[in-house]
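A.B. asks: dropping a prediction and its sequence here:
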Amino acid sequence: MFGEKDKKKVDSQQMNGFIGKGVTITGKMEFEGSVRIDGNFNGDIDAVNGTLIIGEGANLEAKALIDTAIVSGEFKGDLEGKSRIELRAPGKMYGNIKTTNLVIGEGVIFEGTCEMGSEKKAGSFGVAKENEAKKMGVL
């Protein structure tokens, strides 16, 4: 089915970091490879060449720029994925998503905005006003 190849790719990557349940971290995280968060994180995440896995019990309040994200926990903020963002049940996403590929599973809560397309460069949150004007002209 859809996503099987991508799922195997993510599962086969080396896990470079792990934030366990009961752990709370505030700050800036930068990484390559894969990081799994099952605890709490508040801050910025910069992993343009990395995979972020957010476990079922995780709570994140962040601005994240990543290659790939798999969200099964709760994420509040801006999430920009260069390649793919996957929201899996019982995941909750409150905020803005920008990506080229988005998968939302059954039972996921998503409240916010989503911008898809390959014409914008990574890290361009807040530059959408000009494009919104162009979209409004088309309507």
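C.D. replies: Received it, and whenever you're ready, just let me know what you need.

A.B. asks: the strands in this protein, which residues?
C.D. replies: Secondary structure of the chain by DSSP state E: the strands cover 15-19, 24-30, 33-37, 40-54, 59-71, 74-87, 92-99, 102-104, 109-116.

A.B. asks: let me see the contact set for residue 23.
C.D. replies: Residues near residue 23 by Cβ atoms under 8 Å, 6 or more residues apart in numbering: 39, 40. All C-beta atoms are positioned from the backbone trio N, CA, C, and that covers glycine.

A.B. asks: repeat the analysis, applying 6 Å as the threshold.
C.D. replies: Neighbouring residues of residue 23 by Cβ atoms under 6 Å, 6 or more residues apart in numbering: residue 39.

A.B. asks: make a markdown table out of the strands of the chain and add mean neighbour count.
C.D. replies: Shown next, in a markdown table, are these (neighbours: other Cβ atoms under 10 Å):
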| stretch | mean neighbour count |
| --- | --- |
| strand 15-19 | 15 |
| strand 24-30 | 12 |
| strand 33-37 | 20 |
| strand 40-54 | 20 |
| strand 59-71 | 22 |
| strand 74-87 | 22 |
| strand 92-99 | 20 |
| strand 102-104 | 17 |
| strand 109-116 | 13 |
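
A.B. asks: in this structure, what spans have low per-residue confidence?
C.D. replies: Residue ranges of the chain with pLDDT under 70: 1-13, 118-139.

A.B. asks: what's across from residue 28 in the sheet?
C.D. replies: residue 44 (DSSP bridges).

A.B. asks: my guess is it contacts residue 43. True?
C.D. replies: Yes. Taking contacts as Cβ atoms under 6 Å, residue 28 lies within contact range of residue 43: 5.4 Å.
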